[in-house]
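**Q** need a structure here:
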Amino acid sequence: MDDNNNNTSFDPQFVRNMIESALRLSLLFALLIVAYDIIKPFTTPLIWGAIIAIAAFPLVKWLEAKIGGRRGLAATLVTLFFILALAIPSWSVMEATVGGLKRASTALDAGEIKVPPPAEKVQDWPLVGERLHHAWSAASNDLEAFAQANAEQLRELAGKLLTRIGGSLIGVLMFLVSLVIAGGFMTYAEPCGAAAHRFFVRVGGLRPGGEWASLTVATVRSVLQGVIGVAIIQTILIAIGLFVMGVPGASLWTALILVLAIAQLPPLIVLAPIMIYVFSTADTTSAIIFTVYQLVAGASDSALKPMLMGRGLDIPMPVILVGAIGGMIMSGIVGLFSGAVILSIFYKLLILWLEQRAGEDID
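**A** Numbers count the residues shown, from 1 in each chain. I've put the predicted structure just below:
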């Protein structure tokens, strides 16, 4: 009996060490939570700053060689260029939007706004033709009565528009902060790269952790080329057709198509109603040429992505694309890059695990 009792009793030293370890882990976990809460407001600008720095650093290297190797000056000039390129158009668009709303409100109160009557072809549009023609005709006959009859909907629409404008202004300010952070990253690129490499080595070992820093840089640039770059090219091609055909609001449709292209959604969502509008207002030959051109331009990404995405990487293009799309669905535009990076690292770990023989250790 005594032997059994001795065998089943706990070692006091073991229990003490276990309790101390649990307390230390709990304190460490609490410290991590508090530290994350403190830096949480800065995580998005920091992530964007890193993405911008990775994308723009080749430009800094080129400029650095032109101005005598002064890295700080080169990074400052590039950062100022991006700040001006963002701030000036944003201010112009914001001022034009707010000013346009004020002028429209004043003109509506004065009865100066006249809505042209709709074409008879509008009634033949599928699903919405008759209702749209009726509402359009009512606005054309008596705009003031139409506005009073739909005052609640118009107020709700104006409120949403103002909310979007405020959100866009905050987004621009956050992006300006990100550009300043990116300038710091580019100025001290080598120390930042060395710190990232040490972190990845501590997490994943020399292999494969030692490859993750370079993999992250290459993946972000691949997403910029294969997603953002292709979206811009595709949007430019579509915009040419819109402006040549003289589609009303071509600038607005172009911006909306760019958002859809970055989100990997088909531009046909916007183009289909525009094609219907062109068929109802233009001659048949021009409408057919416009439709064929836009269908080809809308499908151009299927040919461009294999050429631009995944170059210089041993990661298959579908892995990067799925990571970018899934990350964007989960975390917005930042997820476009982080999702691709995370899935690429997971793919490398999976391949390494599959190639590992039984009993073999990973360095």
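
**Q** Ile257 versus Val270, what's the distance?
**A** Going from Val270 to Ile257 by C-beta to C-beta, to the nearest Å gives 5 Å. No exception for glycine: its C-beta is placed from N, CA and C like everyone else's.

**Q** ugh, wrong one, Ser178
**A** 25 Å.

**Q** Please say which of those two ends up with more neighbours.
**A** Between Ser178 and Ile257, Ile257 has the larger neighbour count (other C-beta atoms under 10 Å), namely 25 against 22.

**Q** ok, the more buried one to Ala85 distance?
**A** Relative to Ala85, and taking C-beta to C-beta, Ile257 is found at 21 Å.

**Q** do Ser178 as well
**A** To Ala85, Ser178 is 14 Å away according to C-beta to C-beta.

**Q** give me every residue that touches Leu258.
**A** By C-beta atoms under 8 Å, 6 or more residues apart in numbering, the residues touching Leu258 are Ala231, Ile232, Thr235.

**Q** which stretch of helix or strand covers the last one?
**A** Counting by DSSP states H and E, the element that carries Thr235 is helix 230-245.

**Q** Please spell out which residues along that helix are buried.
**A** Val230, Ala231, Ile233, Gln234, Thr235, Leu237, Ile238, Ala239, Gly241, Leu242, Met245 (16 or more other C-beta atoms under 10 Å).

**Q** burial of Phe175, as a residue count?
**A** Other residues near Phe175 come to 20 when the count uses other C-beta under 10 Å.

**Q** which one is it nearest to, not counting chain neighbours?
**A** The spatially closest residue to Phe175, leaving aside those adjacent along the chain, is Leu86, at 6.2 Å (C-beta to C-beta, 6 or more residues apart in numbering).

**Q** okay, Ile47: pLDDT?
**A** What the model reports for Ile47 is a pLDDT of 84.

**Q** list the contacts for it?
**A** Val334, Ser338.

**Q** cool, the one 10 residues further on as well?
**A** Phe57 makes contact with Met186, Ala189 under the criterion C-beta under 8 Å, 6+ apart.

**Q** Rounded mean pLDDT for stretch 241-260, please.
**A** Rounded mean pLDDT across stretch 241-260 is 85.

**Q** Would you mind measuring from Ile47 to Ile39?
**A** Ile47 is 11 Å from Ile39, by C-beta to C-beta.

**Q** Toward the C-terminus, what is the element adjacent to the top helix by length along the chain?
**A** Counting residues, the longest helix in the chain under DSSP state H turns out to be helix 12-66. Scanning forward in sequence from helix 12-66 by DSSP H and E, the next helix or strand is helix 71-110.
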